[in-house]
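A.B. asks: Please work out how this folds:
(one chain, ligands or ions: 1)
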Amino acid sequence: MRAYLPDYDIQSPETLDEALTLLSREPGKWRPIAGGTDLMVLLNAGRLSDLNLLDISRLTELRGISENGPSVTFGALTTYSELRQHPAVREHLPNVVESARVTGAQAIQNRGTLGGNIVNASPAADTPPSLLAYGAEIELVSVRGKRRVPYESFHKGYKKMDLAPDELLHSIHVPIPKGSGFHFYRKVGTRQAQAISKTCLAAHARIENGVVEELRIGLGSVAPVPARARSAEAVILGKAVDFLPIEDAVKAIQSDISPIDDIRSTARYRRVVTANVLRQALEELARTGRAS
Ligand SMILES: Cc1cc2nc3c(=O)[nH]c(=O)nc-3n(C[C@H](O)[C@H](O)[C@H](O)COP(=O)(O)OP(=O)(O)OC[C@H]3O[C@@H](n4cnc5c(N)ncnc54)[C@H](O)[C@@H]3O)c2cc1C
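C.D. replies: Prediction:
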C-alpha cells in the first residue's frame, strides 16, 4: 500500500548547525533524507515508518570533492555522477569510479549519494567494497563535534552502524594509493547493468620489487555487512608476484564470507563465483606485477 503523504513532516534546514541542533533536540525522531533513492522506494511501498524527515540535500557543508594532500575527501552528498566525473577520483581511485558506474542508471547516479549508499547499509551496496579496498575513513558529525572512524569498523551487523541518532555522516576520506598500484573491481549481477549484485569484489594492491607489499580486498553481498577478505589477503601478502599461491587464497576466502540464499541468488552460487572472481583478480595482479 502506498504511504499517505499528509502524515509526513519534512524539515529542510539551510545550514549544518540547524540540522544538527534539530537532531540533538529530538534524537531518533528525524530521519535524514539525502537523494531519497532508497527512502522513496520505502515510502512508495508504504514501508517508511519514520514520519519525520530531515532533508539534508541543501547542506552545502556536506557537498564537494577535494584532494587534500594524501587523500581525497568526498562530502556525504557527493553523487555517483560527481564521483564518475571528478579528475582526481578518475586518476587515483578507479575502483570508486567503477563502483559508481555500475550503480543504477543515469537518473539514480545523478541523485543517489555516496553517504546514502553507506548509511542505507545494504550488504549488496556497490561503493562499500571499493572504499574497503582503499582503506577509507568516514567522518561523523553532531553538536558534540566531529569524529573519524575507519570505514571497516562502521558496520556492526546487518543494518547496525556506529552512528548515534543525533549524528550525520559528514564526509568520506580515501587515502590516495602510492605509485601506480593494482586496482580491481568486479560486480556480478543478473545483468551487466541495472542489477543489484549477487557478489562484488574490489581489490587494491601495492607491489614493490616484485612482492605484494599491501593488499586489501573488499566484498559485497556475501556477508551481513560489507566485509574485508582478511584470510585471503593474508595468504597473498608478502608473496612474490611470480609465485602467488592463488589457489590457497581462493580456498581461504571461503572463511571470509557467510553468504545466504535470497531472491537474487543462492549461498552456493555466491561462494563459487566469489572464488572465481578472486582467482581472476589475483591472476591480473600477477600479470600487472610482472609487467611493472
Ligand atoms: C532503481 C534503483 C536502482 C538502484 N541501483 C543500485 C545499485 O546498482 N547499487 C547500489 O549500491 N544501490 C542502488 N540503489 C540504491 C540507492 O540508489 C543508493 O543506495 C543511493 O546511494 C542512496 O543514496 P540517497 O542519497 O538516495 O539515500 P537516501 O534514500 O536519501 O537515504 C538512504 C539512507 O541513508 C540515510 N542517510 C543518507 N544520507 C545520510 C547522511 N549524510 N547522514 C546520515 N544518514 C544519511 C537515510 O536516513 C537513509 O537511511 C538503487 C536504487 C534504485 C531506486
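A.B. asks: give the contact list for the residue lying closest to residue 274 once chain neighbours are set aside.
C.D. replies: Distances taken as Cβ to Cβ, 6 or more residues apart in numbering place residue 199 nearest to residue 274, at 4.8 Å, with adjacent residues excluded. Quick note: C-beta positions are derived from backbone N, CA and C, even for glycine. Contact analysis of residue 199 by Cβ atoms under 8 Å, 6 or more residues apart in numbering lists 188, 219-222, 259, 265, 270, 273-274, 277.
A.B. asks: quick check, nearest of these to residue 14?
C.D. replies: Minimum distance to residue 14 across those is 35.0 Å, recorded for residue 220 (Cβ to Cβ).
A.B. asks: Any idea what that closest one is bridged to?
C.D. replies: Residue 220 forms beta bridges with residue 200, as assigned by DSSP bridges.
A.B. asks: what number of residues lie near it?
C.D. replies: Neighbour count of residue 220, defined by other Cβ atoms under 10 Å: 29.
A.B. asks: re earlier: specify which member of the contacts of residue 199 is nearest to residue 33.
C.D. replies: Distances from residue 33 to these, taken by Cβ to Cβ, are shortest for residue 220, at 23.5 Å.
A.B. asks: Quick check: pLDDT value at the closest one.
C.D. replies: Listed pLDDT for residue 220 reads 98.
A.B. asks: what does residue 264 give?
C.D. replies: For residue 264, pLDDT reads 91.
A.B. asks: Show me the shaky parts of the stretch 101-250 of the chain.
C.D. replies: Across the stretch 101-250 of the chain, nothing is flagged by pLDDT under 70.
A.B. asks: how about the helices of it, start to end?
C.D. replies: Ranges of helices in the stretch 101-250 of the chain, per DSSP state H, counting those that start in this stretch, are 106-111, 114-120, 127-133, 230-236, 246-252.
A.B. asks: Of all the residues in the third one, which ones are buried?
C.D. replies: Of the residues in helix 127-133, those with enough neighbours to count as buried (16 or more other Cβ atoms under 10 Å) are 127-133.
A.B. asks: now, the most widely separated pair of those?
C.D. replies: Largest pairwise distance in those, by Cβ to Cβ, is 10.7 Å, between 127 and 133.
A.B. asks: circling back: can you redo the helices of the stretch 101-250 of the chain as CSV with distance to residue 9?
C.D. replies: Putting the helices of the stretch 101-250 of the chain into CSV (distance: least, Cβ to Cβ, whole Å) gives the following:
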stretch, distance to residue 9
helix 106-111, 22
helix 114-120, 20
helix 127-133, 30
helix 230-236, 44
helix 246-252, 50
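A.B. asks: export these to TSV and tack on distance to the ligand?
C.D. replies: Converted to TSV, the helices of the stretch 101-250 of the chain look like this (distance: least, Cβ to the nearest ligand atom, whole Å):
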stretch	distance to the ligand
helix 106-111	5
helix 114-120	2
helix 127-133	6
helix 230-236	23
helix 246-252	26
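A.B. asks: among the ones you listed, which is nearest residue 79?
C.D. replies: Nearest to residue 79, of the helices of the stretch 101-250 of the chain and by Cβ to Cβ, is helix 106-111 at 6.1 Å.
A.B. asks: which other residues reach the closest one?
C.D. replies: Outside helix 106-111, the residues that touch it by Cβ under 8 Å, 6+ apart are 35-37, 79-81, 84, 100, 103.
A.B. asks: Which ones among these also lie next to the ligand?
C.D. replies: 35-37, 103 (Cβ under 6 Å from any ligand atom).
A.B. asks: Please tell me how far residue 20 sits from residue 165.
C.D. replies: 12 Å (Cβ to Cβ, to the nearest Å).
A.B. asks: Specify which residue of these two has the higher count of neighbours.
C.D. replies: Neighbour comparison, residue 20 and residue 165: the larger count goes to residue 20, with 21 against 13 (by other Cβ under 10 Å).
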